[in-house]
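K.L.:
Return a 3D structure for these sequence lines:
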Amino acid sequence: MKWEEWVVWYNRIKDALNYSIVDDSSAATLLSTLIKDKALDLERLRTVIEGKDVIVFGAGPSLLESLSSICSSDPSTHARIRSRFVFIAADGASRALIEHGIRPDVVVTDLDGDHEYLLCADALGSIMVVHAHGDNINLIKFLVPLLRNIICTTQVRPLHNVHNFGGFTDGDRAVFIADAMGARSITLAGMDLGSVIGQYSKPKPYPVNSSVKVVKMKFAKQLLEHLASQTNARLYNLSPSSIEGFTNIAYEDLLQIKD
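P.N.:
Numbering: from 1, shown residues only. Coordinates of the predicted model:
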């Protein structure tokens, strides 16, 4: 998504959630400074994704069901899925994948997931796409110096080493990143987009229903539907949500996705 298009969405989101463009910009500048000598080249991410079939794992309530289906399949089917698909975890979903013995290829995070597992994913070689916003400046200061495989994003105007591909929450932003990097197909898993917070969404108990969460998920759904109207990638959905432009499929259909 080009900046001129994204800024319209950003202004809507900022006004709805009372975000500060000053704070968001400060976070991006800080992130840019911290990664100036160690950020991965964007081509590293493109090499992982371009022309590939991608599964984006959100941290919604249906995440465990999707992972259980993949991990309980017979070994040959499991191996075929793992070899064919690039696995992108949205923040806390990285913990669920690692607990199931799966290394995410990419983790998209604003750093509010379980820090132990974010650091573990980085140590395992996952590409960590870290997002800056005004509310996570302290987390950036704490965690970014510890990460080795890092690419960074912002929700305001991009900098030379901090990118903006569009997308708002970790989940939908992961989809925008996959599309920008040239994914052939993108399948959603654990992307419920409702008011119930999945157990992997946050590292500590949060209210089951949150008015802020509902607003965020509405924006995520709108952004995904907007992307669906523009992308050339084929879009599928293993989650129970209904997203215009994404074809709902069952786990058994994954290997039937055609070239």
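
K.L.:
When you work out contacts or count neighbours from here on, use the C-alpha atoms and nothing else.
P.N.:
Will do.

K.L.:
For the helix or strand hosting Arg12, give me every contacting residue.
P.N.:
In the assignment (DSSP states H and E), Arg12 maps to helix 3-17. Applying Cα atoms under 8 Å, 6 or more residues apart in numbering, the contact partners of helix 3-17 are 19-21, 155-157, 164, 166, 212, 219.

K.L.:
So of the residues you listed, which two are at opposite extremes in space?
P.N.:
With Cα to Cα as the measure, no two of the contacts of helix 3-17 lie farther apart than Arg157 and Val212, at 24.1 Å.

K.L.:
Look at these two and report which has more neighbours.
P.N.:
Each of Arg157 and Val212 has its neighbours counted (other Cα atoms under 10 Å); Arg157 has more, 17 against 12.

K.L.:
In contact with that one, which residues are there?
P.N.:
Residues in contact with Arg157 (Cα under 8 Å, 6+ apart) are 3, 25, 164.

K.L.:
Now the buried members of the contacts of helix 3-17.
P.N.:
Buried members of the contacts of helix 3-17, counted by 16 or more other Cα atoms under 10 Å: 19, 21, 155-157, 164, 166, 219.

K.L.:
Filter those residues down to just the ones in helices.
P.N.:
Filtering those for membership in helices, criterion DSSP state H, returns 21, 219.

K.L.:
out of the buried ones among the contacts of helix 3-17, which one sits closest to Leu111?
P.N.:
Nearest to Leu111 among the buried ones among the contacts of helix 3-17 is Gln155, at 14.7 Å by Cα to Cα.

K.L.:
Got the phi and psi for the nearest residue to that closest one once chain neighbours are set aside?
P.N.:
Distances taken as Cα to Cα, 6 or more residues apart in numbering put Asn164 closest to Gln155, at 6.2 Å, once the chain neighbours are dropped. When quoted as degrees, to the nearest 10, the phi and psi of Asn164 stand at phi -140, psi 110.

K.L.:
Next one, pLDDT for Asn164 please.
P.N.:
Predicted confidence (pLDDT) for Asn164: 98.

K.L.:
part of a helix, is Ile197?
P.N.:
No. Counting by DSSP: H, G, I helix; E, B strand; the rest coil, Ile197 falls outside a helix, being coil.

K.L.:
quick one: it from Ser76, how far?
P.N.:
33 Å (Cα to Cα, to the nearest Å).

K.L.:
What of Leu42?
P.N.:
33 Å.

K.L.:
about what we covered before: mind putting the contacts of Arg157 into TSV with distance to His226?
P.N.:
Output for the contacts of Arg157, formatted as TSV (distance: Cα to Cα, whole Å):
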residue	distance to His226
Trp3	15
Ser25	25
Asn164	16
